[in-house]
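Asks: compute the structure for the input listed below.
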Amino acid sequence: MTKWILRTMLVPFALALSAPALAAEGLYQASSVTPETAYKAAKAALERCRKDGYQVTVAVVDRSTIPLVVLRDRFAGVHTVETAIAKARTAVSFKTATVDMIEATAPGRPEGGIRNLPGVVMVGGGVPFEASGGIVGGIGISGAPGGEADHACALVGIEAILESLTF
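Replies: Below you'll find the predicted structure:
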């Protein structure tokens, strides 16, 4: 009788302790930006660039670098669409703003080869954003006169969604 009581109490206890380990073995959970939040960021960034007199394209990608929103202003060049997406993807992939990677990946530097990877753009204007301790998306801007101006507009887009990203 004592063995039965002991087994009845210990088996569920042992299973309860091992359940998180078993679940963690084959699955993980991750957060990603929603299309609604992505649109809010893109719209704020586009409005900032317009205010500054720039015709740009804004792209927001999720944590997997898949585009959720692409907004091209009416006079932004055709090349700005792919460039904005590539900037956002680059920022998310490397978990760093593209403006911060320019010098480190300059030709002749040890990391210079990164610039030759397909789809990587080392020009300012791509910025990742975080929530829950990890990257949940990124924004890329192309079309302003220089990467610093693109970067400034991207930061305004992220600022517009900060409240949505904090828990």
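
Asks: C-alpha from now on. contacts and neighbour counts both.
Replies: OK.

Asks: surely Asp73 and Thr57 touch.
Replies: Yes: the pair formed by Asp73 and Thr57 meets the contact definition of Cα atoms under 8 Å, at 6.1 Å.

Asks: could you name every residue contacting both of those two?
Replies: Shared contacts of Asp73 and Thr57 (Cα atoms under 8 Å, 6 or more residues apart in numbering): Leu46.

Asks: once you drop chain neighbours, what's closest to His151?
Replies: Distance criterion Cα to Cα, 6 or more residues apart in numbering; nearest residue to His151, sequence neighbours excluded, is Gly125 at 3.9 Å.

Asks: now the strands: where do they sit in the chain?
Replies: 57-62, 67-72, 126-131, 134-142 (DSSP state E).

Asks: dump these to JSON lines, plus distance to Ala30, mean neighbour count and mean pLDDT.
Replies: Below are these laid out as JSON lines (distance: least, Cα to Cα, whole Å; neighbours: other Cα atoms under 10 Å; pLDDT from 0 to 100):
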{"stretch": "strand 57-62", "distance to Ala30": "11", "mean neighbour count": "32", "mean pLDDT": "98"}
{"stretch": "strand 67-72", "distance to Ala30": "17", "mean neighbour count": "21", "mean pLDDT": "98"}
{"stretch": "strand 126-131", "distance to Ala30": "10", "mean neighbour count": "26", "mean pLDDT": "96"}
{"stretch": "strand 134-142", "distance to Ala30": "8", "mean neighbour count": "30", "mean pLDDT": "97"}
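
Asks: out of those, flag the one nearest Glu36.
Replies: strand 67-72 (9.1 Å; Cα to Cα).

Asks: pull up the pairing partners for that closest one, direction included.
Replies: Strand 67-72 has the following strand partners under DSSP bridges: strand 57-62 (antiparallel).
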